[in-house]
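Student: 3D model of this:
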Amino acid sequence: MIPVDTPDTLPEAPEPPSKSQKKRDMSALQDLGQALLELPAERLAKIDMPEALRIALADARRFTKHEARRRQLQYIGRLMRAIDPAPFQAAVDAAEGRSAVENARFHRLERLRSALLDDEAAALNEIAAAHPGADLQQLRQLRRNALKERELAKPPRAYREIFRVLRELEEADPETEDS
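Tutor: Alright, predicted model coming up:
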């Protein structure tokens, strides 16, 4: 005997999203588009995206009238429906410092900066091994300046500059893994 599918034995098909859920999703994509607009241009240029979306974001930056900007954000949201928003959300989170990976990277650079101030030779060896093209002489000079600033209770200009140099070294070397 062949089993007959009755309404009780049929697998239940997932229900399509409600109209309200579609509106919430669309609003979330528009909010993500707004967050992308607020990113600095150099960060936005590093994000891989379709050319149509890149042009739409550039146009939205030009618009100053509220209604024109609102319509452009709707258009950006519509374009984003066809692509995966996860990489864009990750880029926005990283820019805003909400990313766990970005926080770990930040803390690693801070530890390296502290190690450089505490033990110059060991830290410079570590930096030279990780980044062969690093300007170690510049880092030595910045270290001396940072220690002098600390001693004289001056604003920590060189201290911040060390962090900036270390961050640029890491960004220039894509093979750098999280340690």
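Student: how is this structure carved up into domains?
Tutor: Domain ranges of the chain: 20-95, 100-172, per automatic domain parsing.
Student: In JSON lines: those, plus distance to residue 14.
Tutor: Where C-beta positions appear, they are placed from N, C-alpha and C, glycine not excepted. Shown next, in JSON lines, are the domains of the chain (distance: least, CB to CB, whole Å):
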{"stretch": "domain 20-95", "distance to residue 14": "12"}
{"stretch": "domain 100-172", "distance to residue 14": "31"}
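Student: Need those in CSV (columns: mean pLDDT).
Tutor: CSV is the format used below for these (pLDDT from 0 to 100):
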stretch, mean pLDDT
domain 20-95, 88
domain 100-172, 89
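Student: Can I get these in a markdown table including distance to residue 12 and mean neighbour count?
Tutor: Below are the domains of the chain laid out as a markdown table (distance: least, CB to CB, whole Å; neighbours: other CB atoms under 10 Å):
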| stretch | distance to residue 12 | mean neighbour count |
| --- | --- | --- |
| domain 20-95 | 18 | 15 |
| domain 100-172 | 37 | 14 |
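Student: which residue ranges form the helices in this protein?
Tutor: 19-38, 41-46, 51-62, 66-80, 86-95, 100-118, 120-130, 136-151, 157-172 (DSSP state H).
Student: tilt between the longest one and helix 66-80?
Tutor: Interaxial angle of helix 19-38 relative to helix 66-80 (axes from the mean of the first three to the mean of the last three CA atoms, to 10 degrees): 110 degrees.
Student: Cheers, nothing more for now.
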